[in-house]
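Peer 1: got a predicted structure here, sequence first:
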Amino acid sequence: MLIDIIAGARPNFMKIAPIIKAINTANAQGAKLRFRLVHTGQHYDAKMSGDFFTQLGIPEPDYNLEVGSGTQAEQTAAIMVRYEKLLTDEPGDICLVVGDVTSTMACAIVAKKMGLKVAHVEGGIRSGDWTMPEEINRVVTDSITDYFFTTSEYANRNLRNAGISDDRIFFVGNTMIDSLMSNMDNLRAPDCWEALGLVPAKYFVLTLHRPSNVDEDAILYKLLLTIGKSAQNLPIIFPVHPRTAKVLMALDNFPDNIHMVDPLPYFEFNYLVKHSKCVLTDSGGITEEATYMDIPCITLRETTERPETVDVGSNELVGTDISAISSAMAKLMAGDWKKGSVPEKWDGAASVRIVDVLSTLKIDS
Ligand code: UD1
């Protein structure tokens, strides 16, 4: 049985790394799982891709589709055409996709049409926000998925409500947390730590890259002004995503306490989060990592597809309203933040559970 493991964009890499390790471990103990790693090339900069491969010990991809930048349709189309060609030349049996990026959906569609089974890691999560390309990617991918590997009871419920039978839903936990747990001892301070004289619990981490927050300069600027002011002179470390960087180039006069840095590698970014006072973010994955580390997290979005990070974890869904952000930050500065705990099955063994399931599947070309 040949498994294609698909990865395309930054948030995919920490999800596939532990799965590949678990497959290699199982094979060393006698399992016979063949896989090939397909990088679509959706993200291609060293800072968005290569650094993660190196730090997380991900092997060189067997194939790189090298699609590069483009609109949603251009990227989707290019990935589909190139992956179809690959499967035509060298067929596979299962296509394992992770998360909700364009590469996830594009490869799932091609694989299903070419007769492969589709396995979706992080299946079933829903924000209900149809303005996010990721929500469309999730729903389309799940509509053609055969095996769902889920991170939460919320995801299980969403799938059951959509009529998916229990025998196709595998509640395994969270591979992103597998990566984090196995790398806790590798976390290390980024260069800006000394350069800025950072002190544990006396700085914020900020990330922003959702189109709705960053594509319009007026919206982005207002967010930065509010966050800068509400941090009461504490430094804010802002690793800037390439999408956000393009808009920031046309702006100036930022609050002095906002320090923009390049996108950080995995060890350095999570070190910063682990020692911070609070993370402000519009990412989904970072809310999970903050929850695991019990670091207060303010989500700058109106919805989340990961409600367990709010119910159980340290995350609060604050949205993008300026006064709501100021109030949340005031509450935090007053020391009035909830204590979180770790959601069920976020225990570092999700990838092993996935590989256990894959080992039992009887699919042959
Ligand atoms: C994608 C994902 C998003 C994820 C994010 C993490 C989709 C729909 N969205 O959004 O879910 O949270 O990745 O980063 O798949 N660029 C570079 N260098 C790179 C990669 C991108 O300069 O290595 C530039 C591109 O030219 C593009 C912009 O960054 O203009 C955005 O990249 P894109 O892959 O379209 O989407 P993201 O916003 O990164």
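Peer 2: Good, I have the coordinates.

Peer 1: so what's the residue count around Leu37?
Peer 2: 19 (other Cβ atoms under 10 Å). The C-beta positions use only the backbone N, C-alpha and C, and glycine is treated the same way.

Peer 1: could you look up the SS state of it?
Peer 2: strand (DSSP: H, G, I helix; E, B strand; the rest coil).

Peer 1: pretty sure it contacts Pro59?
Peer 2: Yes - in this structure Leu37 lies within contact range of Pro59 using Cβ atoms under 8 Å: 6.3 Å.

Peer 1: now for those two: what residues contact both?
Peer 2: Ile20 (Cβ atoms under 8 Å, 6 or more residues apart in numbering).

Peer 1: where does pLDDT dip in the chain?
Peer 2: Scanning the chain for pLDDT under 70 picks out 364-365.

Peer 1: close to the ligand: what parts of it are there?
Peer 2: Applying Cβ under 6 Å from any ligand atom, we find that the chain lies next to the ligand at 9-11, 42-45, 48-49, 69, 101-102, 133-134, 209, 241-243, 283.

Peer 1: out of those, which sit inside helices?
Peer 2: Residues of the residues of the chain next to the ligand located in helices (DSSP state H): Arg10, Pro11, Thr102, Pro133, Glu134, Pro242, Arg243.

Peer 1: contacts only, for the fourth one.
Peer 2: Pointing back at Pro133 there. Pro133 makes contact with Gln72, Thr102, Pro211, according to Cβ under 8 Å, 6+ apart.

Peer 1: between those, which sits nearest the ligand?
Peer 2: Thr102 (3.9 Å; Cβ to the nearest ligand atom).

Peer 1: next, count neighbours for the residue lying closest to Pro11 once chain neighbours are set aside.
Peer 2: Residue nearest to Pro11 in three dimensions, not counting chain neighbours: Gly285, with 4.9 Å by Cβ to Cβ, 6 or more residues apart in numbering. Gly285 has 19 neighbouring residues, counting by other Cβ under 10 Å.

Peer 1: who's in contact with Gly285?
Peer 2: Gly285 touches Pro11, Met14, Gly99, Met176, counting by Cβ under 8 Å, 6+ apart.

Peer 1: could you identify the most distant pair in the residues you listed?
Peer 2: Using Cβ to Cβ, the pair of the contacts of Gly285 lying farthest apart is Met14 and Gly99, separated by 9.9 Å.

Peer 1: could I get the phi/psi values of the nearest residue to Arg301 once chain neighbours are set aside?
Peer 2: Nearest residue to Arg301, sequence neighbours excluded (Cβ to Cβ, 6+ apart): Asp282, at 5.2 Å. Backbone torsions of Asp282, given as degrees, to the nearest 10, read phi -110, psi 10.

Peer 1: so Asp282 sits right up against Ile298, yeah?
Peer 2: No - Asp282 is not in contact with Ile298 according to Cβ under 8 Å; the separation is 10.0 Å.

Peer 1: which of those two has more residues huddled nearby?
Peer 2: Ile298 (27 against 22).

Peer 1: may I have the phi/psi pair for the more buried one?
Peer 2: Phi and psi for Ile298, reported as degrees, to the nearest 10, are phi -110, psi 120.

Peer 1: could you do Ser359 as well?
Peer 2: Torsion angles, degrees, to the nearest 10, at Ser359: phi -70, psi -20.

Peer 1: skipping adjacent residues, who's closest to it in space?
Peer 2: Nearest residue to Ser359, sequence neighbours excluded (Cβ to Cβ, 6+ apart): Ala31, at 5.2 Å.

Peer 1: pull up the gap between the one you found and Ala78, please.
Peer 2: 34 Å (Cβ to Cβ, to the nearest Å).

Peer 1: okay, the two: which has more neighbours?
Peer 2: Legend: neighbour count by other Cβ under 10 Å for Ala31 and Ala78, higher for Ala78 (20 against 15).

Peer 1: contacting residues for the more buried one?
Peer 2: Leu65, Val67, Gly68, Gly70.

Peer 1: just the buried residues of the helix or strand it falls within, please?
Peer 2: Following DSSP states H and E, one finds Ala78 within helix 72-89. By 16 or more other Cβ atoms under 10 Å, the buried positions in helix 72-89 come out as Gln75, Thr76, Ala78, Ile79, Met80, Arg82, Tyr83, Glu84, Leu86, Leu87.

Peer 1: show me what the helix or strand following that helix pairs with in its sheet, parallel or antiparallel.
Peer 2: Next helix or strand after helix 72-89 toward the C-terminus (DSSP H and E): strand 94-98. With DSSP bridges as the criterion, the sheet partners recorded for strand 94-98 are strand 2-7 (parallel), strand 117-121 (parallel).

Peer 1: what lies in contact with strand 94-98?
Peer 2: If you take Cβ under 8 Å, 6+ apart as the criterion, strand 94-98 is touched by 1-7, 12, 15-16, 19, 35, 103-105, 107-108, 110-112, 116-122, 141, 175, 358, 361, 363.

Peer 1: in the stretch 251-365 of the chain, which residue sits closest to the ligand?
Peer 2: The minimum distance from the stretch 251-365 of the chain to the ligand, using Cβ to the nearest ligand atom, falls at Ser283 (5.9 Å).
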